[in-house]
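In: pasted the sequence and its predicted model underneath.
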Amino acid sequence: MSGTTPEFIPETTQDDPVQASSLDIQGRMHQISPVFTEAELRRLQRYGKVCHHADGATLFEAGSSSFGMLVILAGRVAVTRHEGLGRTSLMREIGPGHFIAEVAQLSGRPALVNGHAVGDVDVLVISSESLRALIVAEAEMGERIVRALILRRVALIEVNSGGPVLVGPRGNGNLFHLQSFLSSNGHPHTVLDPATDAAAAALAGRYQPTPQEWPLVVCPDGKVMKNPGNAELGRCLGMLPDLSGDKIFDVLVVGAGPAGLATAVYAASEGLTVLALEQRAYGGQAGASARIENYLGFPTGISGRALAGRAYVQAQKFGVEIATPASAANLLCDSWPLRVNLCDGTQVRARTVVLSCGARYRRPSLANLKTYEGRGVYYWASPIEAKLCRQEEIILVGGGNSAGQAAVFLSGHAAKVHMVIRGEGLAASMSSYLIERIAATPNITLHAHTEIIALEGDDDGLTGARWRNNQTGEEADCAVRRVFLFVGADPNTDWLHDCAVAVDEQGFIRTGFDVTRAECRAHGHAIYPPDLPDRAALETSVPGVFAIGDVRAGSTKRVAAAVGEGAAVVSQIHGFLARLPAGSA
């Protein structure tokens with residue numbers, strides 16, 4: 001499957017690619033490693049071509065070979081993985097009737113591992129495009145394939161297998177940032193400490209990284225990088241495709257949170273070509289929610305990462321191109337098609353643009369805050385952060401739903417959670433079910449009318465925080481190594497200035513009836529008069545540019561509302577494209 005071993009695959013109750021639990025799933029082996037019947041193999045051959053390989057031949061190579069799915073008809077295939085220093089390890093051998101594929105192959109990304117023929121081998125090669133067509137056309141077989149792809153990704157994440165190897169000392173801030181980036185994107189990886197692992201120590205001895213060059217990263221193709229940025233790592237893994245071509249997309253979605261993913265899924269399923277840009281990790285801020293309990297259809301709740309993970313796979317199933325991490329630098333709307341320049345200098349073009357770019361985490365005014373980000377200060381509460389604060393006292397700042405979900409989640413790991421809010425209570429900003437749960441959790445203490453005024457630390461990271469009660473003026477020190485900040489967010493609209501998309505006083509994007517006639521006239525052009533009376537409800541002041549989700553003025557800040565807007569905007573996109581003069585599209 002980019003290969004995984006069935007014996008190592010754990011069960012997940014939600015079948016998502018980013019959340020798993022360590023349970024025995026021997027009873028689900030038939031779902032993880034299905035064997036196609038002779039009749040099914042004959043049907044599959046309509047979607048690919050048969051290739052023969054002699055003993056020892058290379059079928060695919062990590063980091064350079066792209067394919068959709070390989071179905072083994074005869075012989076066996078050995079799947080190996082690079083481990084650095086020129087070494088590889090055998091992961092498994094796969095025999096007739098089985099298939100080799102993983103979630104990444106839905107979008108044609110490079111393989112994470114290598115494959116070599118063991119004896120003479122016949123394989124059916126199905127391209128990524130044909131695999132997506134197969135999944136849609138062959139409903140029953142497609143469901144089995146997608147379930148297997150998802151469970152295989154879960155397995156790779158659970159057993160820390162496949163993907164890049166991160167080598168760095170325990171507690172290193174750069175290591176944490178890369179690990180968080182990969183985990184947030186549901187990408188498998190392995191973390192090794194050179195102080196405890198001989199292979200990691202040998203790699204460090206060869207490359208001699210300085211303190212600023214940790215961690216070392218071994219890419220799937222064996223290339224070793226020193227402390228790469230997210231974009232460099234994304235290119236290494238094929239998460240950031242080449243967008244330098246002349247293709248014009250029907251829909252360009254900026255931001256792959258719940259709203260953007262919903263747009264991508266619905267638009268692509270209706271035949272539109274879609275590119276989604278995400279600057280860090282799909283799921284947006286919703287991905288930081290430990291458990292969403294009021295989302296329709298999930299009576300026992302679902303984590304934000306799990307919900308986003310399912311949507312992400314669904315988008316790939318319908319052929320959405322997703323680029324991560326891809327940050328938009330500016331939007332150009334002086335000519336048509338519309339253009340978005342990325343921070344790396346790449347320009348992409350589209351007939352319509354959907355702004356679902358959400359918001360940026362708000363940072364308190366603390367002098368040394370940036371010094372401790374990733375080294376004691378965090379803006380997410382994922383399982384990675386939860387492990388760091390096991391049996392420790394921690395501080396969590398914020399009184400919204402995300403803060404409440406994080407407090408409840410972290411209380412299951414930390415010895416004590418100090419919940420700090422500036423207001424007198426939680427009722428004005430948090431759902432009642434979360435308030436009741438916080439009140440019933442004995443190791444959560446609420447500190448009202450309080451704010452953090454200083455952070456302290458040493459070379460290893462954060463060591464404490466000072467807070468002040470704004471009613472009494474009393475200050476106190478708290479010896480904590482972890483502070484979680486959930487203090488809200490500001491709209492991510494600064495990059496739209498070149499296009500002058502109309503925003504309100506707080507920077508949120510105006511749409512529909514909220515757009516004034518004067519703001520419309522500022523963006524008139526020949527193909528689409530600016531003051532048409534039937535301006536779509538989610539359309540901005542710029543023709544063909546739409547805004548949905550948290551970034552839109554007046555939006556309901558709930559995941560279900562974001563998904564609803566993401567679906568609704570697709571019909572409005574169809575209406576815009578239908579009104580374009582003949583030949584302009």
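Out: It's in.
In: for F318, give me its contacts.
Out: 132, 136, 264-265, 268-269 (C-beta atoms under 8 Å, 6 or more residues apart in numbering). The way it works is simple: take the backbone N, C-alpha and C, and place the C-beta from them, glycine included.
In: ok, L331 next?
Out: 338-340, 353, 495-496, 498-499, 501, 545.
In: now with 10 Å?
Out: Counting by C-beta atoms under 10 Å, 6 or more residues apart in numbering, L331 touches 252, 254, 338-341, 353, 355, 495-501, 542, 545.
In: over to A231?
Out: A231 neighbours (C-beta under 10 Å, 6+ apart): 239-240, 279, 324-327, 342-344.
In: which of the helices or strands spans it?
Out: helix 230-237 (DSSP states H and E).
In: in that helix, which residues are buried?
Out: 230-231, 233-237 (16 or more other C-beta atoms under 10 Å).
In: now pLDDT too, for these, in TSV please.
Out: TSV is the format used below for the buried residues of helix 230-237 (pLDDT from 0 to 100):
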residue	pLDDT
N230	94
A231	93
L233	95
G234	93
R235	91
C236	89
L237	90
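In: out of those residues, who's nearest R558?
Out: For these, the closest approach to R558 (C-beta to C-beta) belongs to N230, at 28.4 Å.
In: can you give me the pLDDT of the nearest residue in space to W214 that is not next to it in sequence?
Out: Residue nearest to W214 in three dimensions, not counting chain neighbours: G168, with 4.4 Å by C-beta to C-beta, 6 or more residues apart in numbering. Here, the pLDDT recorded for G168 equals 96.
In: T190 is in contact with G168, correct?
Out: No: taking contacts as C-beta atoms under 10 Å, G168 lies outside contact range of T190: 11.7 Å.
In: sticking with the nearest residue to Y372 once chain neighbours are set aside, tell me its helix or strand.
Out: Excluding its sequence neighbours, the residue lying closest to Y372 (C-beta to C-beta, 6+ apart) is L462, at 4.6 Å. Using DSSP H and E, L462 maps to strand 461-469.
In: and the helix or strand just after that strand, what other elements does it pack with?
Out: From strand 461-469 onward toward the C-terminus, using DSSP H and E, the following helix or strand is strand 475-478. Using 3 or more C-beta pairs under 10 Å, 6 or more residues apart in numbering; DSSP states H and E, the elements in contact with strand 475-478 are strand 393-397, strand 450-458, strand 461-469.
In: got those strands as TSV, with distance to L580 columns?
Out: Shown next, in TSV, are the helices and strands packed on strand 475-478 (distance: least, C-beta to C-beta, whole Å):
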stretch	distance to L580
strand 393-397	48
strand 450-458	52
strand 461-469	55
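In: ok, and the closest non-adjacent residue to P188?
Out: L156 (3.5 Å).
In: what does L331 give?
Out: C499 is the one closest to L331 (C-beta to C-beta, 6+ apart), at 4.3 Å.
In: all helices of the stretch 451-585 of the chain, in order?
Out: 517-521, 559-579 (DSSP state H, counting those that start in this stretch).
In: looking at the ones you listed, which is nearest to S128?
Out: Judging the helices of the stretch 451-585 of the chain by C-beta to C-beta, what sits closest to S128 is helix 559-579, at 23.4 Å.
In: what about the closest one, average pLDDT?
Out: 95.
In: quick check: buried residues in it?
Out: Quick answer for helix 559-579 (16+ other C-beta under 10 Å): 559, 561-570, 572-573, 576-577.
In: could you do stretch 323-330 as well?
Out: 323-328, 330.
In: common neighbours of G168 and T190, please.
Out: A200.
In: neighbour count winner among those two?
Out: G168 (25 against 19; other C-beta atoms under 10 Å).
In: what residues are up against the more buried one?
Out: 174-176, 178-179, 191-194, 200, 204, 209, 213-217, 227 are the contacts of G168 under C-beta under 10 Å, 6+ apart.
In: okay, now the residue nearest to P188: neighbour count?
Out: A total of 31 residues lie near L156 under the criterion other C-beta under 10 Å.
In: from S303, how far out is it?
Out: For L156, the distance to S303 equals 19 Å [C-beta to C-beta, to the nearest Å].
In: same thing with F409?
Out: 9 Å.
In: ok, now A199?
Out: 33 Å.
In: dump the helices and strands packed on strand 475-478 to a markdown table, plus distance to N185 and mean neighbour count.
Out: Output for those, formatted as a markdown table (distance: least, C-beta to C-beta, whole Å; neighbours: other C-beta atoms under 10 Å):
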| stretch | distance to N185 | mean neighbour count |
| --- | --- | --- |
| strand 393-397 | 24 | 23 |
| strand 450-458 | 29 | 16 |
| strand 461-469 | 24 | 18 |
